[in-house]
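Chemist: can't give you the sequence, but here's the structure:
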Ligand code: NAD
């Protein structure tokens, strides 16, 4: 069912779009009237089961493509963006792919730290570069949206490397807004709070921390992935045409509370 038409005429590309929040962003793009949705991931089936994401989007009457891409690799990002050529190029690039670690305290291993940074931060830079390059070439007033986290705004001792990567994502979005604004390209971040996805159940510790955050969240519930999808649709649409370089927190008010 269509929710709105705010993304009419826009091709939306979502990285890490086969699970959790990315899947919801892709579906929301279709529901908000996108002309096409391109989903990339390292697997074409949702890890939590169900039909392939492209089947769901096609079911909404919107053209959909899946493309394998490891966001940590430049050539994958460049090839991914080229997938959108058949739809006239990418209008809205959503950099969502990310990982968390099973053990991520102050003693996080160097190997885990580097793996996480290459997925969560290098991947965002490479994806943004690929999209911006195509948008500039085609003269598109595009929108680039980076999915960060409340963990990138307030540090958390249980997610040291993760918070570090997301803090980088926060400033990457602002720096991109500054660099790309003169070409009419906007860049913003969306910082989800506690959202009900598999990532929250990686370990007992992460699940316990999520429960504690939930209790401190003014709205007293975890967010739904569709609520992040709607926020991303707004930032991708012309309704947010003069908004660039901001962080949109989708956190039930958590970061506003002392
Ligand atoms: P998820 O694990 O359900 O989904 C992440 C997706 O990214 C997976 O489909 C995975 O295959 C893909 N991915 C991981 N590494 C990749 C790579 N190198 N190349 C391509 N795809 C890759 O997690 P999620 O909870 O949906 O998280 C999505 C985004 O939201 C992440 O950036 C995460 O940090 C962020 N986030 C999640 C929460 C939450 O509460 N779940 C809160 C704040 C931020």
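Modeler: Thanks, I have it. Just so it is clear, the structure is predicted and the values come from calculations on it, not from any experiment.
Chemist: quick one: residue 89 from the ligand, how far?
Modeler: Per C-beta to the nearest ligand atom, to the nearest Å, residue 89 is found 21 Å from the ligand. Bear in mind the C-beta positions are built from the backbone N, C-alpha and C, glycine included.
Chemist: Residue 132 is in contact with that residue, correct?
Modeler: No. Using C-beta atoms under 8 Å, residue 89 makes no contact with residue 132, being 11.6 Å away.
Chemist: higher neighbour count, those two?
Modeler: Between residue 89 and residue 132, counting by other C-beta atoms under 10 Å, residue 132 is the more crowded of the two (22 against 19).
Chemist: name the element the more buried one belongs to?
Modeler: Per DSSP states H and E, residue 132 falls inside helix 123-138.
Chemist: what's the spacing between residue 74 and the ligand?
Modeler: 12 Å.
Chemist: what about that residue, neighbour count?
Modeler: Residue 74 has 15 nearby residues by other C-beta under 10 Å.
Chemist: Could you check how far it is from residue 85?
Modeler: 18 Å (C-beta to C-beta, to the nearest Å).
Chemist: again, but for residue 98
Modeler: Where residue 85 is concerned, residue 98 sits at a distance of 26 Å (C-beta to C-beta).
Chemist: for residue 257, same thing?
Modeler: 45 Å.
Chemist: Please apply the same query to residue 155.
Modeler: Distance from residue 155 to residue 85, by C-beta to C-beta: 41 Å.
Chemist: ok so, going back, looking at residue 98 and residue 85, which has the bigger crowd around it?
Modeler: residue 98 (26 against 12).
Chemist: Residue 256 touches residue 218, doesn't it?
Modeler: Yes. Using C-beta under 8 Å, residue 256 makes contact with residue 218 at a distance of 7.2 Å.
Chemist: Give me the secondary structure label for the closest residue to the ligand within the stretch 51-200 of the chain.
Modeler: Residue of the stretch 51-200 of the chain nearest the ligand, by C-beta to the nearest ligand atom: residue 98 (2.6 Å). Look at residue 98: counting by DSSP: H, G, I helix; E, B strand; the rest coil, its state is coil.
Chemist: Now it: closest residue in space that isn't a chain neighbour?
Modeler: residue 120 (4.7 Å; C-beta to C-beta, 6 or more residues apart in numbering).
Chemist: How about residue 178?
Modeler: Going by C-beta to C-beta, 6+ apart, residue 178 has residue 245 as its nearest residue, at 6.8 Å.
Chemist: can you pull the contacts of that neighbour?
Modeler: Counting by C-beta atoms under 8 Å, 6 or more residues apart in numbering, residue 245 touches 173, 174, 177, 178, 181, 187, 188.
Chemist: Quick check: it vs residue 226, distance?
Modeler: 26 Å.
Chemist: of all the residues in the chain, which ones are close to the ligand?
Modeler: Within the chain, the positions adjacent to the ligand are 15-16, 18-22, 41-43, 69-72, 96-99, 119, 123, 147, 149, 192, 194-195, 197-200 by C-beta under 6 Å from any ligand atom.
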